[in-house]
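J.: with the sequence up front, the predicted model follows.
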Amino acid sequence: MTAAATGAGPVEKPPGAPGRAAPGAAAGMLLTLAKRLLALVLLMLATSFIVFSAMYLAPGSPESFLARGNSVTADTLQAIRDQYRLDDPFFERYLAWLGGIVTGDFGQSLQFRQPVGDLIASRLTTTGFLVAYSFVLILASGIVIGVIAAVKRGKADSAAIIATTVAMGTPAFVMAIGLTSLFAVTLGWFPAFGAGEGFLGRLRHLTLPAVALALSSAALVARATRSSMLAELGREYVETARVRGIPERRIIWRHAFRNALVPVVTLAGLVVSGLLVTTTLVETAFGLNGMGSLLVQSVNSKDFPVTQAIVLIIVGVFALCNLLVDLIYPLVDPRVRGKVGA
């Protein structure tokens, strides 16, 4: 008995979907990966040059900050410039800085007088936990809301559109103020400041920052999921599956949802990079000692080594997220695997 006769087989595949990977698919994917890695290296080199060059365009100078506004002699300023090699040729300083970056040496903080790598490492746990927490909230709430809006339609769809419109139009720092006033000050359910200790402590302390950070991005994911699901539910293979008597839940989650994931995966990769930037506002609002608040402090105090390192890390994370999205595509949509192997 055939799979079509029993109704238990897979539904009609979208046009162009291969049944089995071509013999050259693995080699094609490896070649694509090599090209992406080369592009990643070139992007990081270009970014490092721009970030390092921006120090010369910024107002003020490192020696002025180190003097802390005090009246110092020309000899003292020259000694500071000699200590930090500020008079060395531009390309010599850039190559020395780049060599340090490759070996994990980001230089010395002008403000805190300690290695930049140690300074960032001490803040990385808080920011990493906050971004991961927010990302889970974004995917969980955004995908569920988007699928419900596409499947239920009617009032559920209208409510989802209104809620996502409001969420997308509300800045993160405004959301932070509102959440703090309601849930921390008025109700006292969550603490207003600090990152907490231990997993459960961090989970409780970072709930409000994570929600403030996640809401606008969750709304974007919900909108993208809704649009993609509506497009898939209107395709011919979905109608064919319904005619065969396949359960609606299976049609939605096993077939339509999987095919609708491609634009959601793309958006998810962009969301992670955006979260690192938005943390500057949220961490400042909630008094968190993370990379975002450290970036704000370093910019305000003209701490160039710290600013350069954090900006370079953010760009690196953005590039890595794009690379991961490219690698996940063939797992989500076999049609992409077939094109890569062609």
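T.: In hand now; what should we look at?
J.: when you work out contacts or count neighbours from here on, use the C-alpha atoms and nothing else.
T.: OK.
J.: next, the buried residues of stretch 306-323.
T.: Buried residues in stretch 306-323, counted by 16 or more other C-alpha atoms under 10 Å: 306-312, 314-323.
J.: among these, which are located in helices?
T.: 306-312, 314-323 (DSSP state H).
J.: what comes into contact with stretch 85-101?
T.: 48-49, 52, 81, 106-107 (C-alpha atoms under 8 Å, 6 or more residues apart in numbering).
J.: which of the residues you listed are buried?
T.: Neighbour-count burial (16+ other C-alpha under 10 Å) applied to these gives 48, 52, 106-107.
J.: show me which of those is closest to Val147.
T.: Of all those, Ser48 has the smallest distance to Val147: 41.0 Å, by C-alpha to C-alpha.
J.: quickly note the distance from the closest residue to that closest one other than its chain neighbours to Ser227.
T.: If the residues on either side of it in the chain are set aside, Ser48 comes closest to Leu312, at 6.6 Å by C-alpha to C-alpha, 6 or more residues apart in numbering. Between Leu312 and Ser227 the computed distance is 34 Å (C-alpha to C-alpha, to the nearest Å).
J.: again, but for Ala195
T.: Distance from Ala195 to Ser227, by C-alpha to C-alpha: 37 Å.
J.: more neighbours, these two?
T.: Using other C-alpha atoms under 10 Å as the criterion, Ala195 and Ser227 rank with Ala195 on top: 26 against 17.
J.: doesn't the more buried one belong to a helix?
T.: No - in this structure, Ala195 is coil, not part of a helix, as judged by DSSP: H, G, I helix; E, B strand; the rest coil.
J.: let me know the pLDDT of it.
T.: Per-residue pLDDT puts Ala195 at 78.
J.: residue contacts, it?
T.: Neighbours of Ala195 in contact, by C-alpha under 8 Å, 6+ apart: 126, 201-202, 205-206, 288-289.
J.: now swap in Ala309 and tell me
T.: Per C-alpha under 8 Å, 6+ apart, neighbours of Ala309: 106, 116.
J.: same deal with Val144?
T.: Ala222.
J.: are we agreed that it is in a helix?
T.: Yes - counting by three-state DSSP, Val144 is found in a helix.
J.: and it, how far from Thr170?
T.: Noted for Val144: a distance of 21 Å to Thr170, by C-alpha to C-alpha.
J.: what does Val147 give?
T.: Look at Val147 and Thr170: by C-alpha to C-alpha, they are 23 Å apart.
J.: those two: which is more packed in?
T.: Neighbour count, other C-alpha under 10 Å: between Val147 and Thr170, Val147 has more, with 25 against 14.
J.: any idea of the mean pLDDT in the strand or helix carrying that one?
T.: Assigned by DSSP states H and E, Val147 belongs to helix 116-152. Averaging pLDDT along helix 116-152 gives 90.
J.: got the buried residues for it?
T.: Buried residues in helix 116-152 (16+ other C-alpha under 10 Å): 116-117, 119-120, 123-124, 126-127, 129-131, 133-135, 137-139, 141-151.
J.: stretch 159-167 too?
T.: 160-161, 164, 167.
J.: contact partners of that stretch?
T.: With C-alpha under 8 Å, 6+ apart, stretch 159-167 has contacts from 145-146, 149, 215-216, 219-220, 222-223.
J.: can you put those in CSV and add distance to Arg242?
T.: As requested, these are exported to CSV (distance: C-alpha to C-alpha, whole Å):
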residue, distance to Arg242
Ile145, 23
Gly146, 21
Ala149, 20
Leu215, 35
Ser216, 35
Ala219, 30
Leu220, 30
Ala222, 25
Arg223, 25
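J.: what is the nearest of those residues to Leu38?
T.: For the contacts of stretch 159-167, the nearest to Leu38 is Leu220 (30.8 Å; C-alpha to C-alpha).
J.: what's the burial count for the closest one?
T.: 23.
J.: let's verify it: helix, strand, or coil?
T.: From three-state DSSP, the assignment for Leu220 is helix.
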